[in-house]
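*Asks:* What follows is a protein structure lacking sequence information:
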C-alpha cells in the first residue's frame, strides 16, 4: 500500500492529543499541529503508550520530525507542574472562580492556571486586568470620573438644575458650571465655599452625590471674575476645580428666540401674529416647548390613523413577539442537569410561543370609551392657557399642551368640561397655571370621572347618553397663595362648572391640594374643598363633611367609586376581561379564589357568585374600604378583603385557608358567613350616616379606616371550610408582582391554577419566567455584595437571576393566552395568561 504524503495544517490544540487514537497511515493523513505549551502539558497527561496502535510506529520511523513537538515533554525527564517550561500568556491573569466564591484555593492548588488572590494576579497581554478584581474596579471608577470631567471641560454640562426658583430667566453667560466639587456637598456647602472665596453670586445649587454644581451671577463681570478665581483652584482631596459655561437646554434656546420674536411681531390689539414664533422647522414654540410636529392626537392615540381591524392585528403581532421572550429566557434560566420543560420543547411547533395566543377580544366601544380622563394644565404653542394633553415628555423639553378635541378615546362630556375649565382660566382666573420648568403655579390638572347607567344598551354612536354621574377633580398647589383668594377662585370655578347650556351631568366637584413635582398625587392627598350637587339641578354646594362618590356598573353589579379609587377606564371591555378570567379559572362552589392586587374588588365581586369564597388582597386602605362597601351594596357575603402588601400577607392568608382540616360543608362555611355579616353589622353601626347614593361622611371614613386596620391585623380564629379547588387571579400594576409574592404562589402546592392579568406584557414575561422555570437541585446563593450588574439588567434578565434561588417546587406551565383590547387607538392592551401545574 502506497503512503499518503503528509499535509501541513493548523488545527485547534484540543485535537492534538486525540490524533494518536485516530491515526492510521493507510487511511488518515498525518497532520502537523501547532499547540500552546499549556495544551501540550494537558496532552501529555492524557497520552497512554498502551493505547497507541502498532501502525503508528511506522509513521514515526518514516517521519520522525513530524511527530516531535517542542511542547511535548520528555517522558524520562521529571516535570514540575508549578513551573511550566513556557507559561501560557494568560497564566494567572484571571481570578479563580472557586476563589471568588469561597475565598479559598481550589483543589488544583498552585498548579491552577487561575490566580488565588490579588497578589498572585498578573496583567493580561493587553495590559488590562481581570474586571472582577478589586484593582480593575478601582481603575474603572477612576476612569469614569476622569471621563466625566473631560466631557464637562470639553463641551460643558447640560443645565438640568439651573432653573431659578422664582421663575426668572438668566442668560447662559451669567451661569457657570463648577466641576469636581466634593460629592458630599449640598447647596449650602457650595454657597459657603463661594462666600469664603469672596465670590459675589446671585444663587448657587448642588445636589449631594454629584460632582457638578451651578452658580448664577448678576452681571457678566461677576461671572468673569468668578471663573478666573475658581478655575484650577485646589479643593478637597486632590481635586482641581474646573469652571465651564452652562449649555442651556434646547427648549430654553428656542424659548429665547420666541420671546424676541413675540416682542417684534405683536400686533396692536395684543394678539400675536401666526409667524411670530416659528422655529427653524416652522413649528410654533413658546414657554420652553418644542412641538416637533406632533398633535395631542398623535401623542395620546398614536394608532388612531389605522383602522380598528389593523390596530388589533398590530397589537396581536406585538404581543406574540413579547411572548417569545418567555420561551427564550426560560430556556436560558433552566438549571444545568435539569431537563427542559415540555412546553419549551413544544414551542417550536407554534412559532416559538410558550403557549397558543388565541387572539384578541375587541372593545365593544371604540370611540369615547374612557370613563376617566386626566387633562394637564399648561400653555399651548401659542402661549395661551390650555387644558388638554402634553405633546411629549418633559425630558425632551416638551411642555406644550394642546386641547383634546381630536382624541378619539376621550368622551364628549370630558372634552366639554375641559373646555369650560380652559375658558375660566383664560377669562376669569387671576392665579397662574403650573410651570413645569420651575415647579411653581396654582392650577395643575383636571380629572373627569364618569359613571354610566345600569342595564342600558350602549349607543355606540352616542355613548355619552349613558352617562348619569360625573365627578370632577381639580388639582392645585396652594403653597404660597392667600387662602381668601384661593377660596374665591374655587367658588367661581364651581359656579362655572354648574352653569351650562344644555346642563352637563355633575355629581360632585373636588379640589385636590398637591405640592409634588409630578401631577401623580398619592392616594391620600388632601381634599381641600368638596362641592356636592344635592338638589340635582346642577347647583353645587360646599359639603366638606361628605365624601364624594359616583357609581358605575359591571356585570349587573353596582360599584361605588371614590375620587382616588382605581377602576378600569373601559367598563364594557372590562366585563369581557373579567368574564374571560373567570372562565379560564375553572371556578365552582368548592373553589377558594384569591384575588391578589384586587383594588376595589371588581374581579372578586363579579366572580363571587361562581365560587365558594373570595379573599381579596390590596395595599390601598381606601380601595379596601370601597371593596367592602361594594360587597355590601350588592349583598355579597362570601368575600373577605384584607388590607396589606401582597408580599406581606399572601403567605399567611394561604396558610390560614390551605392548612385546615377538611370538613364537610356545602359552599361557604357558616362561620365565614357569620364573620362577614358581623363585619358588615359593625360597619353599619359605626356608619349610621352612610348615604349609599351620595357618599360617606368624613368622620365615618376615619372610623372605617381605624376599624379596617384592626380587621386586617386580627387573626381569624373561627373554623373555616377547606376548599378542594384553590385558584388565584392576579392583576398587578405595570411593574408586576413582587418576588416574594411569586415565591409564595410557586411554593403553595395546593395552588394548581393561576390566571395572570397584565397591563404590561413585559412584566408578565418576567414573572412567568420565575413561575415556570424548574427549580435547581442546589439553590445558588452567591455573594452579591459588590455585584451591581443587576442595575443594567432587563426585567427578564433579573427574573432569570432570581429563578436560580427559587425554592424546590413544581413549576407552572403556560397553557394559553388571550388579549383584550381595553385601550383602542393606543399600543396598549390587557393580556390574560392561564398557568397550570
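*Replies:* On my side now, so go ahead. Here the structure is a predicted model, which is why all the values come from computation and not from measurement.
*Asks:* From now on I want contacts and neighbour counts done on CA atoms only, so please keep to that.
*Replies:* Noted.
*Asks:* Lowest mean pLDDT among the helices and strands, pick that one out for the chain.
*Replies:* Lowest by mean pLDDT, DSSP states H and E among the helices and strands of the chain is strand 157-158, with a mean of 33.
*Asks:* Report the strands that pair with the following helix or strand past that strand, each with its relative direction.
*Replies:* Beyond strand 157-158 on the C-terminal side, the first helix or strand identified by DSSP states H and E is strand 175-179. When pairing is defined by DSSP bridges, strand 175-179 lines up against strand 212-216 (antiparallel), strand 242-247 (antiparallel).
*Asks:* most packed of those?
*Replies:* Comparing the strands paired with strand 175-179 by mean neighbour count (mean count of other Cα atoms under 10 Å), strand 212-216 comes out on top with a mean of 25.
*Asks:* follow-up on the earlier one: minimum distance to residue 483: which of the strands paired with strand 175-179 has it?
*Replies:* Closest of the strands paired with strand 175-179 to residue 483 is strand 212-216, at 33.3 Å (criterion: Cα to Cα).
*Asks:* packing partners for the next helix or strand along the chain from that closest one?
*Replies:* On the C-terminal side of strand 212-216, the closest following helix or strand by DSSP H and E is helix 220-230. Packed against helix 220-230 by the contact rule (3 or more Cα pairs under 8 Å, 6 or more residues apart in numbering; DSSP states H and E) you find strand 175-179, strand 242-247.
*Asks:* quick one, the first one and helix 220-230 angle?
*Replies:* Here strand 175-179 runs at an angle of 10 degrees relative to helix 220-230 (axes from the mean of the first three to the mean of the last three Cα atoms, to 10 degrees).
*Asks:* List the buried residues of strand 175-179.
*Replies:* Using 16 or more other Cα atoms under 10 Å as the test for burial, strand 175-179 gives 175, 176, 177, 178, 179.
*Asks:* Tell me who's in contact with the third one.
*Replies:* Read that as residue 177. Going by Cα atoms under 8 Å, 6 or more residues apart in numbering, residue 177 touches 156, 157, 212, 213, 214, 215, 243, 244, 245, 246.
*Asks:* Strands of the stretch 301-450 of the chain, start to end?
*Replies:* Counting by DSSP state E, counting those that start in this stretch, the segments of the stretch 301-450 of the chain that form strands are 356-361, 372-379, 385-390, 401-402, 443-452.
*Asks:* Single out the most deeply packed of those strands.
*Replies:* strand 401-402 (a mean of 28).
*Asks:* what does that one contact?
*Replies:* For strand 401-402, contacts defined as Cα under 8 Å, 6+ apart pick out 295-296, 376-381, 386-391.
*Asks:* Need those residues in TSV (columns: pLDDT and distance to residue 731).
*Replies:* Compiled in TSV, the contacts of strand 401-402 are given as follows (pLDDT from 0 to 100; distance: Cα to Cα, whole Å):
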residue	pLDDT	distance to residue 731
295	86	33
296	90	30
376	94	28
377	94	31
378	92	34
379	91	37
380	89	37
381	86	39
386	94	35
387	95	32
388	94	30
389	94	28
390	91	28
391	88	30
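*Asks:* May I ask which two of those are separated the most?
*Replies:* Largest pairwise distance in the contacts of strand 401-402, by Cα to Cα, is 15.8 Å, between 295 and 377.
*Asks:* could I get the contacts of strand 401-402 as JSON lines with distance to residue 758?
*Replies:* Formatted as JSON lines, these follow (distance: Cα to Cα, whole Å):
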{"residue": "295", "distance to residue 758": "29"}
{"residue": "296", "distance to residue 758": "27"}
{"residue": "376", "distance to residue 758": "27"}
{"residue": "377", "distance to residue 758": "30"}
{"residue": "378", "distance to residue 758": "33"}
{"residue": "379", "distance to residue 758": "35"}
{"residue": "380", "distance to residue 758": "35"}
{"residue": "381", "distance to residue 758": "36"}
{"residue": "386", "distance to residue 758": "34"}
{"residue": "387", "distance to residue 758": "31"}
{"residue": "388", "distance to residue 758": "28"}
{"residue": "389", "distance to residue 758": "25"}
{"residue": "390", "distance to residue 758": "26"}
{"residue": "391", "distance to residue 758": "27"}
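*Asks:* out of those, who's nearest residue 613?
*Replies:* Checking these against residue 613 by Cα to Cα gives residue 376 as the nearest, at 42.1 Å.
*Asks:* what's near enough to touch the closest one?
*Replies:* Listed by Cα under 8 Å, 6+ apart, the contact partners of residue 376 are 387, 388, 389, 390, 401, 444, 445, 446.
*Asks:* ok, the second one touching residue 400?
*Replies:* No. Residue 388 is beyond contact range of residue 400, at 9.6 Å (criterion: Cα atoms under 8 Å).
*Asks:* wouldn't residue 796 be in contact with residue 329 here?
*Replies:* Yes. Using Cα under 8 Å, residue 796 is in contact with residue 329, at 6.8 Å.
*Asks:* what sits in contact with each of the two?
*Replies:* Contact with both residue 796 and residue 329 is made by residues residue 769, according to Cα under 8 Å, 6+ apart.
*Asks:* who's more crowded, these two?
*Replies:* Each of residue 796 and residue 329 had its neighbours counted (other Cα atoms under 10 Å), and the higher figure belongs to residue 796 (24 against 18).
*Asks:* Many thanks, we can stop here.
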